[in-house]
Structure formats: C-alpha cells, structure tokens
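Trainee: just coords:
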C-alpha cells in the first residue's frame, strides 16, 4: 500500500519486505525505539494497535518481533523485527511507553528468553516464579527436572513486589529495584483460589477504604508451557493442545492453527470443510457467550441466570457430541478439513436450535437485562475509552463495546465468512453494560451466520488429502482469527521440519486482564468481580 | 459378595466396575471385628456423611467447565446432596482437582488441602490431575496431583463427561459408607504443630492415606 511504502521509506536504517499484506521491517536494536515511535506517532498513518510481541531464539542471537497494525487499515500488518547477539545479558529498548499493552508483552518475552528491556518499569517474570532457573523457550534450556523441582512453599511476597528495572539515568544504564506497593498501603489478595476469578488468577489489590487504588495481576498458576511443548510435537499433535488454550473457544483456536499450517502448505481446503468449520465456530461462540453471560450474572449474585445460560449451552453440547464426538473439546478441525463428515442429524438439530435460542434470548433479556438491580450495578461503571482499548489491545467484544471495529471476520474474512451477511456489533459507551449487552447481540449475529450457511453446505469431500507426515516449508506464517474473546493469532516459524521452530499464540485474554488494571481503578472492590465478569477472560488462555 | 450397607439407589452393586477394594476392606473389617453398637452408629453417621458431601469450588482449567455443567440444571449434582459448593476449604469435605496442577500452583493446592478439616477426600478429575495428561512433556506441569496430596478417586477423561463424574462421586459415596468413622485418621494440622506451611516442611510430612485409596 502506498501510504505504508512512503512511511517505511523514511526509515533509512530498516530493511523491508512485503508478503501478502504483511510488511517485514528489520531494524538494528539501536534504532528500534526510533522506528517504533515513528510508526506510532507520525501524522499520516499511526500504527496504534500492537497486536503481539513474539520473542525468538534464532540460535546465535535472540530477537523480538513486534506485530503492529493500524486501525485505519486493519488488514495490513507490520512485523517489526530486531535482534541482539548478546546471549549473556541481552538488552533491548522498551517500547512500553508507546503502547500500554507492550509492558506486559515484554515481561512475557523476558520470562521466556531472558531479554531485559531497558526502561520498562517492571521486569519481573510474568508466568514462572521469580526463583525459576533458566529461560524455558531458549533452545539451550536445560529441561532437567532437578534444576526446577516442584516448589515446597508459596512464592515470597518480596519477590512478587520487587520490580527489577534497568533505567537510563543521565544517559547511563542503571540496575534498580522499585517497590510495587508502599509499606502503608492496604493490600488484599484475591485468588489464586477464588470462585470469581474465572480460573486461577491472582490479583493483588491495593485499597483505599472500599475504593481500588491499584491492581496487580499475577499469572502463571496454570502455565503449562504449550509453546515449548509444541516445538517437539508434529503439527497434527499441536492441534490438540490448541483446543485446551482457551477451552471455551477451542474449536476457533484449532481452526486458526489449521489455517496457519494450510497457508504454509498452500493446501486447497474443500469448500464443504470451510462451511462446516464456520458453523462449528459460530456455535462455539454462542456457547461461549452464553457461559460468559451466565458467569457474569453469577458474579453479580444471580445464580438463576447462570443455570439458564448453562441450560441453553447444553443444546449446543449435544450437537457437538453427535458430530464431533466430544462435548467441550470438540477436536474437530484437522489440517486440510475436518476430522469426520457431519452427522446426518446435524443440519436438522442446528435448525431446531436457532429458533429456540432466539426465544431464549428474549427471555434472558427479560430476566436479567431489564432487572433494575442489575442495571444499577452495570451502568456507569468501568469506563474504557476507544483510544485506551486500542492502546491496550483489548480486542473482541470488549473493544467493540468501546466503539473499536476490530472483528477479524470482517477485516480479513477467512473460511466461509465471506459468504455470510452479518454486521459487526459496535457500541460506543464502553461501560460495563455495553460489554454485557454486546455479547447477547453477538449471539443474535452468530445465529444469523449459521442460518445462512446451514442450508448451503456444498457437497464434496470434507477434507483435503494430506501427506502422512506434514512438513511445513521454511518461512514464517501468521494467521488471525476471531475468537470468542478477541483476536487469536498464530505465528509459526518453520525450518522445513515436521515440527515448528517456534510457535506463538496471541492470547486475547492477557490484554483483557491488563485492561482490568486500568478500568478497575477508582471503583469499589465489589465491582472488581463484576468487571472481571464483563471482560470474560479465561485464565489458561493467558498462561498457555 | 454382599458387603456392608453401601447400596446406592438405582444402581446395583454389580453395575460398579471397581468393587475389589471394597471387598478387601470388608475382609479386613471382618478379621479385626467391630463392636456392633459402634458399627451401627458408624452406618448411621456414614449414611448422613455420604449424602451431604460438600465440595470445594476448585478448578484450574478445562475440567472446571464440566464441573460447572455438573452443577447446572441438566446433570444437577444436588440430587445426590453434593450441591453445597464451598468457597472456603475449611468448610469443605472433598476437593475436586479439576485441571492441570503446575509448579506454581502446587504449594497453593497443598495448602488448601491442609486447611480442610478431617475427614477429607480428594478426587482427581481428568487426565491432567491423574498423570499430567496431554501436558506430560511440559517443564512446568506436576505429573499428577497424587505427587502432592493423597487421592481417593481418579476419574479419567479429557475432560471427563459429567456422567463420569457422577460415577466417581458414587464411588466416593460407597467408600465413605464403608469407613469406620470413629477410627478415621485425625491428622494434626501443620499449623497446630507450630510448623508453618511456608517453610515447606508440611510437604515432606508423611500423609496418611485413607485405606483403599490407591486404585
């Protein structure tokens, strides 16, 4: 695109390349901050959305890839790359002051690769304990379990609070330690074992009376090391792990990974498989939103709504069970198509489900949306502006509730979405109530998509033939799909082997928890639970 | 072999697949002999206990969603008197380990278990909790919760269906009905022993598994 070409020509130190709408920009590490800040702050086209930060171990050197996108032209992506050859003490300039989401991403890269970011105000490890030995995603990581035995005691609070920082003070780098909380602050631990955190999330909340001053999320209580494991697995094996990332939109994650591999293989997937995958994805989205709705209502004390949501979800689970064989883990998409053809009853049951769900949606609105107590609690709480949503990278329903149009199904239509006519639900207020209502509206849109596709599933094969051993050609492959909670990206770096050199999944939920940090400040502690419910994050998706 | 009064309504003794451990337990009971008055009292207490087991709401990942399904309308474990899910371990009788336990979570789980009052039971729900499951080759996974705490019932699956979980619950019910209530282990709490949990000493303490637990 012309604008982007012009912009990139102003970076003399960069080497650029273009491959289907993705610009690759490599810069030396000294110029990284300059390049990033130019791309963010120029007047012509601001790359205001930091999609993902991928740490890389190239063997000799360690690198970082920043995936940037502009909300004006969301289908174009810039992959900004940099590398450092110092493996002993790798340091790269931080860009955490440009994008709000960058700080957390940099902590993740630090945790996995040991790269320290100069000027990032918080260089604690993100997932692993602070006393963990080694950096697991480095290729020379020692997996000997004796180095890191099962810990016998809880993590030290000092470790949790002390933030090591490398700062530039009067032009010189200095190692410092900052304290997260003051000694006088009143701190409440919320989690990791708490029924309202939607998983094992540990929030440390600093309170002033009943008001929240600061929230510090602690991750890693369900960090399973999926990315490292994938490096030793073949592509069909990896698919089973993707279902277990964000298990509520498991089929969508799996679909995304299949698409990324198919992109690399340049495989023609039969149209029938595209249709089936799309319908299954949308059913998953409905199920996920129903559960999210029920859980949010339960967080506010309405257990009836939870039971109603789960009741309707069971109908979808029945359809899944008949066609895919599994209830929660459908394990349905495979590379080249789907695992089995649809069950003869599938179309009939889905067509029965659509009018049923529409009727029930009315009931849900009647029972809960119109409830004055629920309205009072949700309205006017937890404001998230559009700019902040973009800067934080809060994709999915959360971003759309703030007016940010970020639906990948519209931006980069994949599978059968180009054959369906649907609208992207957008709201403008960015309050808790908007985040609540947008999920119910999206259920309606999903039903519309399913309705249009279900009768038009073309005939033919349900899967393309693939080789017994799937080897991806050398190169980098990136695929975006719209999960139930936001954008789910898969990045695969292949060296031509049967397993990836590096695979990275963008977790939509990680940025959502980061959002909680901003929107919870100034609200009451009881609202924290409701705000978490309105963001609807799934913790294993964060921890991977 | 007819053993003690452990019948479950609408499910025959033969319908259960694992009966051997109960039969062995009966042999042991017969060999040692029990006072009839105490045995009858045991039966009465156990009848009450087995029909009002309070689980702790504890779930780390995917299996937790099936646990929620179990609590919702269709599967409804309230039918068996298990519906009072407790948010505090001090009020809970059984802990359902739903999902993977990783290194960072291990001390937390151990502490939750220690905080529960005796008699307490553990159900390992799903293949992750049994053996590490699909995450066996990970650097951060605990290969089964039985490395940290003793387990009474294992329920395989990834995730197990709610029906499978009900079967596991029935097994635990039968086990509770078998036990001699007055002889149950009264394991001292590490904190009462002036051994703070933080030192990690609690983990190395020999924990007494209730008999028949290792299926």
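Mentor: Looks like it came in fine. Every value quoted in this text rests on a predicted model; they were computed, and no experiment measured them. Residues are numbered from 1 along each chain as shown, chains lettered A, B, ... in the order given.
Trainee: ok, longest helix in chain B?
Mentor: helix B:162-178 (DSSP state H).
Trainee: report the buried residues of it.
Mentor: B:162, B:164-178 (16 or more other Cβ atoms under 10 Å in any protein chain shown). Placement of C-beta: from N, CA and C, glycine included.
Trainee: swap in stretch A:27-47?
Mentor: Buried residues in stretch A:27-47 (16+ other Cβ under 10 Å): A:27, A:29, A:31-33, A:35-36, A:38-40, A:45-47.
Trainee: in helices only, show me the residues you listed.
Mentor: A:32, A:33, A:35, A:36, A:38, A:39, A:40.
Trainee: what is the nearest of the buried residues of stretch A:27-47 to chain B?
Mentor: residue A:29 (28.3 Å; Cβ to the nearest Cβ).
Trainee: you'd agree that closest one is up against residue A:85?
Mentor: No - using Cβ atoms under 8 Å, residue A:29 is not in contact with residue A:85; the gap is 9.3 Å.
Trainee: shared neighbours, these two?
Mentor: Common contacts of residue A:29 and residue A:85 (Cβ atoms under 8 Å, 6 or more residues apart in numbering or on different chains): none found.
Trainee: what comes into contact with stretch A:65-81?
Mentor: A:1, A:3-4, A:21-27, A:32, A:35-36, A:39, A:45-54, A:56, A:63-64, A:95, A:390, A:404-406, A:411-412, A:476, A:478, A:489, A:491.
Trainee: and that stretch, what's its mean pLDDT?
Mentor: The average of the pLDDT scores along stretch A:65-81 is 88.
Trainee: rewinding a little: which among the contacts of stretch A:65-81 end up buried?
Mentor: A:4, A:22-27, A:32, A:35-36, A:39, A:45-54, A:56, A:63-64, A:95, A:390, A:404, A:406, A:411-412, A:476, A:478, A:489, A:491.
Trainee: number of nearby residues for residue A:242?
Mentor: For residue A:242, the neighbour count with other Cβ atoms under 10 Å in any protein chain shown is 25.
Trainee: check whether it really touches residue A:250, as I assumed.
Mentor: Yes - counting by Cβ under 8 Å, residue A:242 does reach residue A:250; the two are 7.4 Å apart.
Trainee: what are the phi and psi values at residue A:325?
Mentor: phi 90, psi -10 (degrees, to the nearest 10).
Trainee: for it, what are its contacts?
Mentor: A:331, A:340.
Trainee: quick check, pLDDT for it.
Mentor: For residue A:325, pLDDT reads 84.
Trainee: ok, it to chain B distance?
Mentor: 11 Å (Cβ to the nearest Cβ, to the nearest Å).
Trainee: look up how far residue A:54 lies from that residue.
Mentor: 34 Å (Cβ to Cβ, to the nearest Å).
Trainee: swap in residue A:293?
Mentor: The value you get for residue A:293 to residue A:54, if Cβ to Cβ is used, is 33 Å.
Trainee: for residue A:253, same thing?
Mentor: Using Cβ to Cβ, which is the criterion applied here, residue A:253 is 17 Å from residue A:54.
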